[in-house]
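K.L.:
What follows is a protein structure lacking sequence information:
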């Protein structure tokens, strides 16, 4: 494997291992309701790490159109997830300063909502599409593809609806699946 390809696969593999772990850590902080500011920093880091993990996942999924569409959606959703965390930290700072008018203005902004929170749904949609690609090419097995699809379905249930069991369940499924993806990327890197 050439140096550039090897670096890409090694980086994507590392991020596939790390991103869902940070996601779980952030979600546990959210569930137990401690460290709002820390939660948003860890969640931001998770979504930043998901970007290279998604690139590697798209590469491994290998379908011509389906995996590319899934990868683009998951990438856009990862970027939205990271930007949301910055917005949430601004809300925390404004809340600590008791700037309720500013908070209400931000929360009522349809443009801000559309450009951050609403496009976050692309992350689980992209993961679901990637799961379909994996199901077709069988590179992570049917169980791996099914686990990724279930994680993608549970992700918005946990995050948007605030259901703790779905939140943690999605994280566990994503950890298992992305660790499998990370291992497969490491194998490809050594070839």
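P.N.:
Thanks, I have the structure now. These figures come from a predicted structure and were not determined experimentally.

K.L.:
Go through the longest helix along the chain and flag the buried ones.
P.N.:
Longest helix in the chain, counting residues (DSSP state H): helix 66-96. Across helix 66-96, burial judged by 16 or more other Cβ atoms under 10 Å covers 66-71, 73-85, 87-89, 91, 94. Using the backbone N, CA and C atoms, a C-beta is placed for each residue, glycine as well.

K.L.:
Quick one: mean pLDDT for that helix?
P.N.:
Helix 66-96 carries an average pLDDT of 92.

K.L.:
cool, stretch 15-28 as well?
P.N.:
For stretch 15-28, the per-residue pLDDT averages 97.

K.L.:
Does residue 185 lie in a helix or a strand, and which?
P.N.:
Residue 185 is part of helix 164-190, with elements assigned from DSSP states H and E.

K.L.:
and if you look at residue 16?
P.N.:
In the assignment (DSSP H and E), residue 16 maps to helix 3-31.

K.L.:
now for the helix or strand just after that helix, which elements pack on it?
P.N.:
Next helix or strand after helix 3-31 toward the C-terminus (DSSP H and E): helix 36-61. Helices and strands touching helix 36-61, by 3 or more Cβ pairs under 8 Å, 6 or more residues apart in numbering; DSSP states H and E, are helix 3-31, helix 66-96, helix 122-137, helix 164-190.

K.L.:
rerun at 10 Å
P.N.:
helix 3-31, helix 66-96, helix 122-137, helix 141-161, helix 164-190 (3 or more Cβ pairs under 10 Å, 6 or more residues apart in numbering; DSSP states H and E).

K.L.:
Tell me which of those helices is the most buried.
P.N.:
Greatest average neighbour count among the helices and strands packed on helix 36-61 goes to helix 122-137 (a mean of 23), per mean count of other Cβ atoms under 10 Å.

K.L.:
Quick one: mean pLDDT over it.
P.N.:
Averaged across helix 122-137, pLDDT comes to 96.

K.L.:
Could you do stretch 34-48 as well?
P.N.:
pLDDT averaged over stretch 34-48 gives 91.

K.L.:
Enumerate the positions of that stretch that are buried.
P.N.:
Those would be 39, 40, 41, 42, 43, 44, 45, 46, 47, 48, for stretch 34-48 by 16+ other Cβ under 10 Å.

K.L.:
quick check, nearest of those to residue 158?
P.N.:
Residue 158 lies nearest to residue 43 out of those, by Cβ to Cβ, at 12.6 Å.

K.L.:
For that closest one, give me its contacts.
P.N.:
By Cβ atoms under 10 Å, 6 or more residues apart in numbering, residue 43 lies in contact with 22-23, 25-27, 29-30, 81-82, 84-85, 88, 159.

K.L.:
now do 8 Å
P.N.:
Residue 43 makes contact with 22, 23, 26, 27, 81, 85, according to Cβ atoms under 8 Å, 6 or more residues apart in numbering.
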